[in-house]
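Any chance you can model this:
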Amino acid sequence: MNKIKLMLTSAFFTIAIYSFSQEVTNTKFGKGLYNVVAADSSWSMKFGARFQTLFIGEWNLNEDDGITEGTSKFLTRRARLKFDGFAYSPKLQYKLELGLSNRDISGASAYTSNSPRYILDAVLKWNFYKNLTLWVGQTKLPGNVERVISSANLQLVDRSLLNSRFNIDRDMGAQLRHHFKLGNVVIREIISASQGEGRNITSDNLGGYQWTSRLEILPFGSFKNKGDYSGGDLKREEKPKLALGGTFDYHDRAVKNRSNQGSYMTNDVGFYQTDVYTLFIDAMFKYKGFSLMAEYADRTAEDAIAKNSDGTETGDVVSVGNGLNAQVGYLFKNNWEVATRFTQIQLDKKITGKDVETQYTVGVSKYLSGHKLKIQSDVSYLTVENSKDSGLMYRLQIDVHF
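Sure thing, here's the model as predicted:
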């Protein structure tokens, strides 16, 4: 009996190994791990994965004492699975992206049913008439260009301080997108209505809704391979390409201190609500390996200081103010790139109590297979007005995208 069991077990494992043995696929590196289309062309799916391994070293610099302290860490900055394709008709596309790293899923609260926030994108895109497309679900809002660029396609290790202070990130709702041409000029229009509290929210809407509009003008025509939403000029545009964009975001009765991001502002009756307005103006230019990206952000609020029902201040404030970010880079023919960035954040000191922050960054990247496989490193120096302390940060990151 034992011999029979052993034979059956051996046969089972032999079949299993044979069934799951190495299989040759027609897909190429960076084009997805799996790509399939139904025989009747009723649906398709492409599956991809990516991760970023990051090292960070940080030191505090004091005018009197020099280097006073330092820290370092390794982490998986991002680890994600992405599924996209079409359902029923090529005019109805979908995208599902899941985050697996701690940074990707952090933010669990009572408003997300105390659950990790695995879902990044879950959106349907219906091209229902000519150049009109309706997006429904959870995805990035049409905010500043740096935010909409995928974290897999960044020119430096990570996004700027302007993005972390002012971006409107992802939310759940609907977007209507349209584009047209006037001669060589490409014009895109986007309007969006969303819940206004960020991604993966399961509670009732606690404030009002968020309304976003964006206009983009490409005076010299389209970039190669959507290069206006990718860091660096990896396609080496043969002719100058320029994209000019502007976004206005109105958040009715926001309950978070950074529009739909940041912390909830609570008071004695539940939540403090105030209208928040965010403006973005940005530009992207590329030509023969040279790239330039510039952004300006401005945020105001009807009443930025959170209060209780009796008028006393709660201690919460809306992060109102403005920011400027500019970065330039040059890609050599051997696929090494050097880039530099200047960022300045000027929050309203009377409201936030924060001084002007200025950060200078210099980075070097080696693209082994475009943005799909690259090594990036940068050094940043941060100063704060009226402070003797400044910060020095070094980062090294490997990005792999199957």
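
Touching stretch 38-56 from outside, list them.
32-37, 72-88, 90, 101, 151-152, 157, 393-402 (CB atoms under 8 Å, 6 or more residues apart in numbering). For the C-beta atoms, the positions are set from N, CA and C on the backbone; glycine is no exception.

In helices, which of those appear?
The members of those all map outside helices under DSSP state H.

Please spell out the ChimeraX selection for the buried subset of those.
The buried subset of those, as determined by 16 or more other CB atoms under 10 Å, is captured in ChimeraX by this line:
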select :32,77,78,79,80,81,82,83,84,85,86,151,152,157,393,395,397,399,400,401,402
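
Of the contacts of stretch 38-56, which belong to strands?
Here DSSP state E is the test, and these give 34-37, 72-87, 90, 393-401 as lying in strands.

mind listing the helices for the stretch 101-250 of the chain?
Secondary structure of the stretch 101-250 of the chain by DSSP state H, counting those that start in this stretch: the helices cover 102-105, 145-148, 161-166.

Just give me the residue right at the centre of the chain.
Nearest to the mean C-alpha position of the chain, by CA atoms, centre = their mean, lies Arg147 at 4.4 Å.

if I look at that residue, how far off is Ile398?
For Arg147, the distance to Ile398 equals 23 Å [CB to CB, to the nearest Å].

Tell me where the model's unsure across this protein.
Low-confidence segments of the chain, defined by pLDDT under 70: 1-25.

And for Glu385, the neighbour number?
Residues near Glu385, counting by other CB atoms under 10 Å, number 11.

do the same with the one 5 residues further on
The criterion is other CB under 10 Å. On that basis, Ser390 has 16 neighbouring residues.

And it, which helix or strand is it part of?
For Ser390, the host element (DSSP states H and E) is strand 389-401.

quick one: contacts of that strand?
Identification of contacts with strand 389-401 by CB under 8 Å, 6+ apart yields 30, 48-63, 68, 77, 152, 157-158, 371-384.

Among the residues you listed, the buried ones, what's the PyMOL command?
In PyMOL, this line selects whichever of the contacts of strand 389-401 come out buried by 16+ other CB under 10 Å:
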select buried, resi 30+48+49+50+51+52+54+55+56+58+59+61+77+152+157+158+371+372+373+374+376+377+378+380+382+383+384
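
about what we covered before: so can I have CSV of the helices of the stretch 101-250 of the chain showing distance to Leu292?
Listed next are the helices of the stretch 101-250 of the chain as CSV, based on distance: least, CB to CB, whole Å:
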stretch, distance to Leu292
helix 102-105, 29
helix 145-148, 12
helix 161-166, 15
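
the strands in the stretch 1-150 of the chain, which residues?
Per DSSP state E, counting those that start in this stretch, the stretch 1-150 of the chain carries strands over the ranges 34-37, 44-62, 66-87, 89-99, 119-129, 132-140.

Would you mind listing the buried residues in the fifth one?
Read that as strand 119-129. Across strand 119-129, burial judged by 16+ other CB under 10 Å covers 119-123, 125, 127.

Gly173: neighbouring residues, count only.
Gly173 - counted by other CB under 10 Å - has 19 other residues nearby.

hmm, I was thinking of Thr340
Close neighbours of Thr340, defined as other CB under 10 Å, add up to 15.

Could I get the contacting residues of Val269?
Val269 is in contact with 308-309, counting by CB under 8 Å, 6+ apart.

What backbone torsions are found at it?
phi -110, psi 0 (degrees, to the nearest 10).

And it, how far from Asp310?
From Val269 to Asp310 the distance is 10 Å (CB to CB).

swap in Ala301?
20 Å.

the more surrounded of these two?
Ala301 (22 against 7).

How much space separates the more buried one from Ala254?
For Ala301 relative to Ala254 (CB to CB), the value is 8 Å.

any common contacting residues for these two?
Common neighbours of Ala301 and Ala254 (criterion: CB under 8 Å, 6+ apart): 274-276, 318.

Please spell out which residues along the helix or strand hosting Glu337 are buried.
According to DSSP H and E, Glu337 maps onto strand 336-347. Buried residues in strand 336-347, counted by 16+ other CB under 10 Å: 337, 339, 341, 343-347.

With distance to Gly353 as extra columns, can I get the residues you listed in TSV?
Output for those, formatted as TSV (distance: CB to CB, whole Å):
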residue	distance to Gly353
Glu337	38
Ala339	33
Arg341	26
Thr343	20
Gln344	18
Ile345	14
Gln346	13
Leu347	9
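
which two in these are spaced the farthest apart?
Glu337 and Leu347 (31.7 Å; CB to CB).

nearest to Gly353, of the helices of the stretch 101-250 of the chain?
Using CB to CB, the helices of the stretch 101-250 of the chain put helix 161-166 closest to Gly353, at 14.6 Å.

In terms of secondary structure, what does that closest one contact?
In terms of contacts (3 or more CB pairs under 8 Å, 6 or more residues apart in numbering; DSSP states H and E), helix 161-166 is packed against helix 145-148, strand 290-301, strand 321-331, strand 336-347.
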